[in-house]
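**Q** The following comprises the amino acid sequence and a computationally predicted model.
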Amino acid sequence: MTPSNTRDLILSSCASVPDFPKPGVTFRDLTPVFADPTAFAAVTSALIEPFRGGFDRVAGIEARGFILAAAAAYASGTGMTAVRKPGKLPREVLSESYVLEYGTAAVEIHRDEFPPGTRVLLLDDVLATGGTLAAAVRLLERAGAEVVGAGVVLELAGLGGRAAVPASVHALATI
Ligand SMILES: O=P(O)(O)OC[C@H]1O[C@H](OP(=O)(O)OP(=O)(O)O)[C@H](O)[C@@H]1O
Ligand SMILES: Nc1ncnc2[nH]cnc12
């Protein structure tokens, strides 16, 4: 499938939900993209394509990033790392905080997650302010990984998120 066909499929399948999770926010729900076999396969291939052969591991951000990272790791013959919300991992962790509209959040991985020199492709479903993806890049680099790029299915333009992320960002569609 061509990049523009993939983009059109994402935009036509994505559900826009007004006032979720709070008034004034239009939530972009990509679960219909994951549920459609053609769209899910196209999205998985397109996320891998710009970085093909250049990564050893795919990292996905909890929760919807897990779905994409698992599929991309399987399709590329690599492994997967789960970038988790706090308090979920059982062994010693590295933690990276970031600022939300109200308060802070954090992401975590195990301290010994990566052999030296591991090249990581980082995936998530949506890029909004970029705070989550930026924190995940910092976290992976602190753990010794080389972040070769970050892929997202949908970039919400106008929030400046791309500029906040200290990595090359590849978005399959922009809204
Ligand atoms: O660019 P940002 O402003 O940081 O927002 C993007 C993040 O927000 C959503 O996750 P959410 O926090 O809703 O978690 P979930 O995947 O567990 O639902 C999305 O999946 C990204 O991870
Ligand atoms: N509007 C939005 N839709 C989906 N995920 C998001 N994460 C942050 N903002 C979002």
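**A** Received the coordinates, thanks. Ligands and ions are numbered 1, 2, ... in the order given.

**Q** Farthest out from the centre of this protein, which residue is that? Tell me.
**A** Taking C-alpha atoms, centre = their mean, the residue of the chain most remote from its mean C-alpha position is residue 23, at 24.9 Å.

**Q** Help me confirm that residue 47 is found in a strand?
**A** No. Secondary structure of residue 47, determined by DSSP: H, G, I helix; E, B strand; the rest coil: helix, with no strand assignment.

**Q** Tell me which residues touch the closest residue to it other than its chain neighbours, please.
**A** Nearest in space to residue 47, with sequence neighbours left out and distances taken as C-beta to C-beta, 6 or more residues apart in numbering, is residue 151 at 4.2 Å. Where you see a C-beta, it was placed from the backbone N, CA and C, and this is true even at glycine. Neighbour list for residue 151: 47-48, 50-51, 68, 72, 121-124, 169-172 [criterion: C-beta atoms under 8 Å, 6 or more residues apart in numbering].

**Q** Which of those residues fall in strands?
**A** Among the contacts of residue 151, the ones falling in strands (DSSP state E) are 121-124, 169-172.

**Q** ok, and the most crowded of those residues?
**A** residue 123 (32 neighbours; other C-beta atoms under 10 Å).

**Q** so that one touches residue 148, yeah?
**A** No. Counting by C-beta atoms under 8 Å, residue 123 stays clear of residue 148, with 11.8 Å between them.

**Q** Not counting its neighbours along the chain, what's nearest the residue in the chain that ligand 2 sits nearest to?
**A** Across the chain, the shortest distance to ligand 2 (C-beta to the nearest ligand atom) belongs to residue 128, at 3.4 Å. Nearest non-adjacent residue to residue 128, counting by C-beta to C-beta, 6+ apart: residue 156, 4.8 Å away.

**Q** Wait, that neighbour touches residue 126, no?
**A** Yes. Counting by C-beta under 8 Å, residue 156 does reach residue 126; the two are 6.6 Å apart.

**Q** shared neighbours of the two, anything?
**A** Common contacts of residue 156 and residue 126 (C-beta under 8 Å, 6+ apart): residue 28.
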